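Novice: sequence unknown, structure follows:
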Ligand SMILES: Nc1ncnc2c1ncn2[C@@H]1O[C@H](COP(=O)(O)OP(=O)(O)O)[C@@H](O)[C@H]1O
Ligand SMILES: [Mg+2]
(Lines give C-alpha, C1' and ligand atoms only; values in the text may rest on other atoms or scores of the structure.)
(Ligands and ions follow the chains in the order given, each with its own letter.)
Protein backbone atom coordinates (compact mmCIF):
# COMPACT_ATOMS: atom_id res chain seq x y z
CA UNK A 1 0.00 0.00 0.00
CA UNK A 2 2.93 2.33 0.82
CA UNK A 3 6.54 1.88 -0.22
CA UNK A 4 9.35 4.14 0.98
CA UNK A 5 12.62 3.94 -0.96
CA UNK A 6 15.71 5.73 0.34
CA UNK A 7 13.56 8.50 1.80
CA UNK A 8 15.30 11.35 3.62
CA UNK A 9 13.55 14.26 5.25
CA UNK A 10 15.30 16.17 8.02
CA UNK A 11 15.94 14.70 10.67
CA UNK A 12 15.35 11.28 8.99
CA UNK A 13 17.84 9.54 6.73
CA UNK A 14 17.44 6.85 4.14
CA UNK A 15 14.23 5.12 5.19
CA UNK A 16 13.26 1.90 3.42
CA UNK A 17 10.10 -0.03 4.24
CA UNK A 18 6.82 -1.24 2.78
CA UNK A 19 3.43 -1.19 4.46
CA UNK A 20 0.86 -3.70 3.25
CA UNK A 21 -2.90 -3.27 3.23
CA UNK A 22 -4.51 -3.93 6.66
CA UNK A 23 -1.25 -3.64 8.57
CA UNK A 24 -1.39 -1.79 11.87
CA UNK A 25 1.91 -0.04 12.22
CA UNK A 26 3.19 1.80 15.29
CA UNK A 27 5.83 4.52 14.80
CA UNK A 28 7.72 4.94 18.03
CA UNK A 29 10.93 6.36 19.42
CA UNK A 30 12.18 9.31 21.47
CA UNK A 31 10.72 12.83 21.23
CA UNK A 32 12.21 14.71 18.32
CA UNK A 33 13.14 11.48 16.49
CA UNK A 34 11.07 12.53 13.49
CA UNK A 35 7.92 10.45 13.98
CA UNK A 36 5.53 13.26 13.04
CA UNK A 37 7.83 14.25 10.19
CA UNK A 38 7.56 10.70 8.86
CA UNK A 39 3.79 10.46 9.36
CA UNK A 40 3.19 13.67 7.39
CA UNK A 41 4.94 12.20 4.35
CA UNK A 42 2.11 9.66 4.00
CA UNK A 43 -0.48 12.28 2.99
CA UNK A 44 1.89 14.85 1.51
CA UNK A 45 1.71 17.38 4.28
CA UNK A 46 5.34 17.36 3.30
CA UNK A 47 7.34 15.88 0.43
CA UNK A 48 10.67 14.14 0.97
CA UNK A 49 13.95 15.91 0.30
CA UNK A 50 15.30 12.70 -1.23
CA UNK A 51 13.99 9.29 -2.24
CA UNK A 52 10.63 8.02 -3.47
CA UNK A 53 7.31 7.16 -1.90
CA UNK A 54 4.77 4.97 -3.70
CA UNK A 55 1.08 4.73 -2.80
CA UNK A 56 -0.64 1.72 -4.35
CA UNK A 57 2.36 1.42 -6.68
CA UNK A 58 2.08 4.98 -8.01
CA UNK A 59 4.60 7.69 -7.16
CA UNK A 60 2.84 9.61 -4.39
CA UNK A 61 3.46 13.00 -6.02
CA UNK A 62 1.41 11.84 -9.02
CA UNK A 63 -1.70 11.28 -6.87
CA UNK A 64 -3.98 14.29 -6.55
CA UNK A 65 -3.58 15.77 -3.09
CA UNK A 66 -7.34 15.94 -2.53
CA UNK A 67 -7.82 12.28 -3.43
CA UNK A 68 -4.82 11.29 -1.36
CA UNK A 69 -6.05 13.15 1.74
CA UNK A 70 -9.51 11.68 1.29
CA UNK A 71 -8.13 8.13 1.17
CA UNK A 72 -5.43 8.65 3.77
CA UNK A 73 -7.07 10.33 6.77
CA UNK A 74 -5.14 12.05 9.55
CA UNK A 75 -6.07 12.52 13.20
CA UNK A 76 -3.79 14.62 15.41
CA UNK A 77 -3.23 14.91 19.14
CA UNK A 78 -5.44 18.00 19.39
CA UNK A 79 -8.83 17.73 17.71
CA UNK A 80 -8.69 19.81 14.52
CA UNK A 81 -12.29 21.03 14.49
CA UNK A 82 -13.59 24.43 13.42
CA UNK A 83 -16.14 26.46 15.41
CA UNK A 84 -19.70 25.33 14.76
CA UNK A 85 -21.79 22.27 15.45
CA UNK A 86 -20.74 18.66 15.27
CA UNK A 87 -22.86 18.32 12.10
CA UNK A 88 -21.11 21.32 10.48
CA UNK A 89 -17.78 19.62 11.09
CA UNK A 90 -18.88 16.20 9.87
CA UNK A 91 -20.33 17.31 6.56
CA UNK A 92 -17.66 19.87 5.64
CA UNK A 93 -15.30 17.45 3.86
CA UNK A 94 -17.86 15.35 1.98
CA UNK A 95 -19.79 18.47 0.86
CA UNK A 96 -16.67 19.72 -0.90
CA UNK A 97 -16.98 16.65 -3.11
CA UNK A 98 -20.80 16.84 -3.32
CA UNK A 99 -20.96 13.55 -1.47
CA UNK A 100 -22.81 14.40 1.72
CA UNK A 101 -26.12 12.76 2.61
CA UNK A 102 -27.83 13.74 5.85
CA UNK A 103 -28.46 10.15 6.92
CA UNK A 104 -24.68 9.65 7.08
CA UNK A 105 -24.43 11.80 10.18
CA UNK A 106 -25.93 9.28 12.58
CA UNK A 107 -23.85 6.46 11.19
CA UNK A 108 -20.69 8.49 11.70
CA UNK A 109 -21.61 9.22 15.30
CA UNK A 110 -22.38 5.53 15.80
CA UNK A 111 -18.87 4.68 14.59
CA UNK A 112 -17.36 6.77 17.35
CA UNK A 113 -20.00 5.82 19.91
CA UNK A 114 -21.64 9.20 20.40
CA UNK A 115 -25.42 9.66 20.61
CA UNK A 116 -27.18 11.42 17.73
CA UNK A 117 -28.18 14.25 20.08
CA UNK A 118 -24.58 15.43 19.63
CA UNK A 119 -25.17 16.53 16.03
CA UNK A 120 -26.41 19.97 17.02
CA UNK A 121 -23.97 20.53 19.88
CA UNK A 122 -21.32 23.22 19.50
CA UNK A 123 -17.93 21.55 19.34
CA UNK A 124 -16.31 24.08 21.68
CA UNK A 125 -18.67 22.91 24.43
CA UNK A 126 -17.56 19.28 24.23
CA UNK A 127 -14.96 17.58 26.41
CA UNK A 128 -11.55 16.68 24.98
CA UNK A 129 -12.52 13.04 24.55
CA UNK A 130 -15.78 13.95 22.81
CA UNK A 131 -13.93 16.35 20.51
CA UNK A 132 -11.45 13.63 19.63
CA UNK A 133 -14.35 11.31 18.73
CA UNK A 134 -15.79 14.01 16.49
CA UNK A 135 -12.37 14.46 14.85
CA UNK A 136 -12.26 10.76 14.15
CA UNK A 137 -15.81 10.78 12.80
CA UNK A 138 -14.92 13.70 10.56
CA UNK A 139 -11.97 11.81 9.15
CA UNK A 140 -14.16 8.71 8.65
CA UNK A 141 -16.71 10.82 6.74
CA UNK A 142 -14.29 10.63 3.80
CA UNK A 143 -14.26 6.80 3.90
CA UNK A 144 -10.47 6.55 4.09
CA UNK A 145 -8.61 3.29 3.54
CA UNK A 146 -5.64 4.39 5.63
CA UNK A 147 -5.79 6.07 9.03
CA UNK A 148 -2.80 8.12 10.18
CA UNK A 149 -2.82 8.89 13.90
CA UNK A 150 -0.34 11.21 15.62
CA UNK A 151 -0.53 10.56 19.37
CA UNK A 152 -4.35 10.62 19.22
CA UNK A 153 -4.84 10.07 22.95
CA UNK A 154 -1.87 11.79 24.53
CA UNK A 155 -3.87 14.91 25.39
CA UNK A 156 -6.55 12.82 27.14
CA UNK A 157 -6.79 11.39 30.64
CA UNK A 158 -6.16 7.69 31.11
CA UNK A 159 -9.81 6.57 31.09
CA UNK A 160 -10.79 8.67 28.11
CA UNK A 161 -7.73 7.41 26.24
CA UNK A 162 -8.86 3.87 26.93
CA UNK A 163 -12.33 4.63 25.51
CA UNK A 164 -10.81 6.12 22.34
CA UNK A 165 -8.68 2.97 22.00
CA UNK A 166 -11.86 0.89 22.13
CA UNK A 167 -13.34 3.02 19.37
CA UNK A 168 -10.19 2.81 17.24
CA UNK A 169 -9.87 -0.93 17.66
CA UNK A 170 -13.45 -1.46 16.52
CA UNK A 171 -13.21 0.99 13.59
CA UNK A 172 -10.06 -0.56 12.25
CA UNK A 173 -11.58 -4.02 12.47
CA UNK A 174 -14.96 -3.16 10.94
CA UNK A 175 -13.62 -0.96 8.12
CA UNK A 176 -10.53 -3.07 7.47
CA UNK A 177 -8.37 0.04 7.71
CA UNK A 178 -4.64 0.20 7.34
CA UNK A 179 -3.26 2.15 10.30
CA UNK A 180 -0.06 4.08 10.92
CA UNK A 181 -0.01 5.43 14.47
CA UNK A 182 2.53 7.41 16.46
CA UNK A 183 2.24 6.74 20.18
CA UNK A 184 4.39 6.96 23.28
CA UNK A 185 2.06 4.63 25.12
CA UNK A 186 3.45 1.13 24.75
CA UNK A 187 0.36 -0.54 26.21
CA UNK A 188 -1.68 1.18 23.55
CA UNK A 189 0.90 0.16 20.95
CA UNK A 190 0.65 -3.49 21.99
CA UNK A 191 -3.10 -3.37 21.92
CA UNK A 192 -3.58 -1.68 18.55
CA UNK A 193 -0.43 -2.49 16.60
CA UNK A 194 0.77 -5.61 14.81
CA UNK A 195 4.07 -4.13 13.62
CA UNK A 196 6.50 -1.50 14.91
CA UNK A 197 8.92 0.89 13.26
CA UNK A 198 11.39 2.11 15.86
CA UNK A 199 12.93 5.47 14.91
CA UNK A 200 15.95 6.96 16.66
CA UNK A 201 18.92 9.13 15.70
CA UNK A 202 17.42 9.82 12.31
CA UNK A 203 17.26 6.17 11.27
CA UNK A 204 14.80 3.31 11.18
CA UNK A 205 16.56 1.19 13.80
CA UNK A 206 14.20 -1.75 13.98
CA UNK A 207 11.22 -2.97 11.97
CA UNK A 208 9.45 -5.91 13.57
CA UNK A 209 6.27 -7.67 14.61
CA UNK A 210 4.35 -6.68 17.71
CA UNK A 211 4.53 -7.64 20.48
CA UNK A 212 7.70 -9.71 19.77
CA UNK A 213 9.93 -6.74 19.09
CA UNK A 214 8.98 -5.16 22.42
CA UNK A 215 9.61 -8.37 24.33
CA UNK A 216 12.75 -9.39 22.43
CA UNK A 217 14.41 -6.29 20.96
CA UNK A 218 17.24 -7.05 18.54
CA UNK A 219 19.18 -3.80 18.85
CA UNK A 220 20.79 -2.15 21.86
CA UNK A 221 19.09 1.10 20.97
CA UNK A 222 15.64 -0.43 21.30
CA UNK A 223 16.55 -2.34 24.49
CA UNK A 224 17.77 0.87 26.08
CA UNK A 225 14.74 2.82 24.89
CA UNK A 226 12.39 0.21 26.38
CA UNK A 227 14.23 0.22 29.72
CA UNK A 228 13.62 3.94 30.19
N1 LIG B 1 12.35 21.14 7.99
C2 LIG B 1 13.10 20.84 9.07
N3 LIG B 1 14.43 21.12 9.08
C4 LIG B 1 15.17 20.83 10.15
N5 LIG B 1 14.68 20.25 11.27
C6 LIG B 1 13.39 19.97 11.31
C7 LIG B 1 12.52 20.23 10.23
N8 LIG B 1 11.28 19.81 10.58
C9 LIG B 1 11.39 19.31 11.81
N10 LIG B 1 12.62 19.38 12.26
C11 LIG B 1 13.15 18.92 13.54
O12 LIG B 1 13.08 17.53 13.46
C13 LIG B 1 12.85 16.98 14.74
C14 LIG B 1 11.77 15.95 14.66
O15 LIG B 1 10.50 16.50 14.76
P16 LIG B 1 9.18 15.60 14.90
O17 LIG B 1 8.99 14.87 13.63
O18 LIG B 1 8.11 16.53 15.32
O19 LIG B 1 9.58 14.57 16.04
P20 LIG B 1 8.66 13.58 16.91
O21 LIG B 1 7.30 13.59 16.33
O22 LIG B 1 9.35 12.26 16.81
O23 LIG B 1 8.72 14.10 18.32
C24 LIG B 1 12.56 18.14 15.67
O25 LIG B 1 13.71 18.37 16.46
C26 LIG B 1 12.32 19.31 14.72
O27 LIG B 1 12.73 20.51 15.30
MG1 LIG C 1 5.46 14.21 17.04
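Specialist: Perfect, thanks for sending it. The structure presented is a predicted model; accordingly, all values stated were derived computationally and were not measured. Ligands and ions are numbered 1, 2, ... in the order given.

Novice: so is stretch 70-82 next to ligand 1?
Specialist: No - contact of stretch 70-82 with ligand 1 (CB under 6 Å from any ligand atom) is absent, the minimum separation being 10.0 Å. In this view, the C-beta of every residue, glycine as well, is placed from N, C-alpha and C.

Novice: in that stretch, what's buried?
Specialist: 70, 71, 72, 73, 74, 75, 76, 77, 79, 81 (16 or more other CB atoms under 10 Å).

Novice: ok, now stretch 85-97?
Specialist: Quick answer for stretch 85-97 (16+ other CB under 10 Å): 85, 86, 87, 88, 89, 90, 91, 93, 94.

Novice: I'd guessed the last one sits against residue 104; true?
Specialist: Yes - contact criterion CB atoms under 8 Å: residue 94 and residue 104 qualify, at 7.3 Å.

Novice: overlap in contacts of those two?
Specialist: residue 141 (CB atoms under 8 Å, 6 or more residues apart in numbering).

Novice: sorry, back to before: of the buried residues of stretch 70-82, just say which sits nearest to ligand 1.
Specialist: Set against ligand 1, the nearest of the buried residues of stretch 70-82 by CB to the nearest ligand atom is residue 77 (10.0 Å).

Novice: residue contacts, the closest residue to the closest one other than its chain neighbours?
Specialist: What sits nearest to residue 77 in space, not counting adjacent residues and going by CB to CB, 6 or more residues apart in numbering, is residue 151, at 4.5 Å. Taking CB under 8 Å, 6+ apart as the criterion, residue 151 is in contact with 76, 77, 182, 183, 184.
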